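Colleague: no sequence for this one, just the structure:
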């Protein structure tokens, strides 16, 4: 259990969270372990057997503190939030843009362009710092080619999804060449999930879950509906727009952190376990280490290329959500994805 920035992560099993005035109280076996004022939190993430009192749920809903419920090993289960907030005119504009094939395709293309460019930048950085390989050169060239075709593609969301899939296949075909340590243990045959069947895919899935939580919160914070996306199709219960937003952050935030943890040998094969079903999961102690590294990564500052200002990595989803809202309102001609220089 740890408060990092403005999010409380609770993964100690058997914790009971309750309200005490304007305070969140965490206790176990009748012993109070932590008290936090509700106004210091914007999110609460629980793992596994963590219980919340009805009164705490009410308090969080009233104060705009979203609660995400994950399985013990980090699989997203549910999210509890209060009433939808934000400008209703913005949400109407969002739905209209979704229903307009050209506008929908333009936004989807921006999301995919950001993702592919950031995938390629991660590969180029590895080639510059540690030498290139045939697989990395092939992937970099393939991603550059897809970017050119994406630029010239009509704003058709289905075609854009096809190009995104092609780029993802090229990227993960060279992913193993990004590993500098424990390569045999952390190599992947392909990107797999539900469940992940190897340590690297388990680590990526865990980080993507955290990233999706942050992106959803950022969208809700500016008044957008996280379920009405442009790249990802609508599906009941799926935060399609949050999945759209996180695409541009996968490589530079989640993938880069995963590679850092493995390459610096901060994670080892012993930090993972395989269940009877064949699913590979992080151990409890390893999850704590990853959560700490995740929050440290969010504290790092980068220059936002569109705003030309230094900002913490943790604020990037919020800034991008704001830029998307401005585009939907008509203040920006296009949505500018985050692509670090």
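Modeller: Perfect, I can see it now. Because the structure is a prediction, the values reported are computed rather than measured. Numbering: from 1, shown residues only.

Colleague: OK, contacts around residue 240?
Modeller: The contact partners of residue 240, taken as CB atoms under 8 Å, 6 or more residues apart in numbering, are 226, 227, 228, 229, 230, 231, 232, 233, 234. To be clear about C-beta, it is placed using only N, CA and C from the backbone, and glycine gets the same treatment.

Colleague: which ones among those are found in helices?
Modeller: Residues of these located in helices (DSSP state H): none.

Colleague: for residue 67, state which of these is nearest.
Modeller: residue 226 (14.9 Å; CB to CB).

Colleague: just to check, that closest one is in contact with residue 246?
Modeller: No. With contact defined as CB atoms under 8 Å, residue 226 does not reach residue 246; the gap is 10.7 Å.

Colleague: joint contacts of those two?
Modeller: residue 215.

Colleague: out of the contacts of residue 240, give me the one that has the most neighbours.
Modeller: Counting neighbours by other CB atoms under 10 Å, residue 229 leads the contacts of residue 240 with 26 neighbours.

Colleague: didn't that one look like it was pressed against residue 241?
Modeller: Yes. If you go by CB under 8 Å, residue 229 and residue 241 touch, sitting 4.1 Å apart.

Colleague: who's in contact with residue 283?
Modeller: So residue 283 contacts 270, 271, 272, 273 (CB under 8 Å, 6+ apart).

Colleague: would you say residue 303 is within a strand?
Modeller: Yes. Counting by DSSP: H, G, I helix; E, B strand; the rest coil, residue 303 falls inside a strand.

Colleague: list the contacts for it?
Modeller: Contacts of residue 303 by CB under 8 Å, 6+ apart are 309, 310, 311, 340, 341.

Colleague: repeat that for 7 Å
Modeller: residue 310 (CB atoms under 7 Å, 6 or more residues apart in numbering).

Colleague: average pLDDT for the one helix or strand residue 217 maps to?
Modeller: Using DSSP states H and E, residue 217 falls within helix 199-221. The average pLDDT within helix 199-221 is 88.

Colleague: next one: stretch 47-62
Modeller: 90.

Colleague: now swap in stretch 155-167 and tell me
Modeller: 92.

Colleague: mind listing what's buried in that stretch?
Modeller: 155, 157, 159, 160, 163, 164, 166, 167 (16 or more other CB atoms under 10 Å).

Colleague: mind putting those into CSV with secondary structure?
Modeller: Listed next are those as CSV, based on three-state DSSP:
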residue, secondary structure
155, coil
157, helix
159, helix
160, helix
163, helix
164, helix
166, helix
167, helix
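
Colleague: of those, closest to residue 18?
Modeller: residue 164 (43.9 Å).

Colleague: what residues are up against the closest one?
Modeller: Here residue 164 is in contact with 112, 115 (CB under 7 Å, 6+ apart).

Colleague: low-confidence bits of the stretch 151-300 of the chain, can you list those?
Modeller: 193 (pLDDT under 70).

Colleague: any idea how far residue 88 is from residue 131?
Modeller: 54 Å (CB to CB, to the nearest Å).

Colleague: scratch that, residue 259 is what I was asking about
Modeller: 42 Å.

Colleague: ok, these two, which is more surrounded?
Modeller: Set side by side, residue 259 and residue 88 show more neighbours around residue 259, with 22 against 10, by other CB under 10 Å.

Colleague: shouldn't that one be in contact with residue 178?
Modeller: Yes. If you go by CB atoms under 7 Å, residue 259 and residue 178 touch, sitting 5.4 Å apart.

Colleague: overlap of the contact sets of the two?
Modeller: By CB under 7 Å, 6+ apart, no residue touches both residue 259 and residue 178.

Colleague: hang on, the earlier thing: how far away from the center of its chain is the next helix or strand along the chain from the helix holding residue 217?
Modeller: Under the assignment DSSP H and E, the closest C-terminal helix or strand after helix 199-221 is helix 240-246. When C-alpha coordinates are averaged (CA atoms, centre = their mean, to the nearest Å), helix 240-246 and its chain have centres 9 Å apart.

Colleague: show the subsequent helix or strand relative to helix 240-246.
Modeller: Following helix 240-246 toward the C-terminus (DSSP H and E): helix 256-263.

Colleague: could I get the buried residue list for that next one?
Modeller: Neighbour-count burial for helix 256-263 flags 256, 257, 258, 259, 261, 262, 263 (criterion: 16+ other CB under 10 Å).

Colleague: which residues touch it?
Modeller: For helix 256-263, using CB under 7 Å, 6+ apart, the contacting residues are 122, 178-182, 186, 200, 203-204, 207, 267, 290, 293-294, 297.
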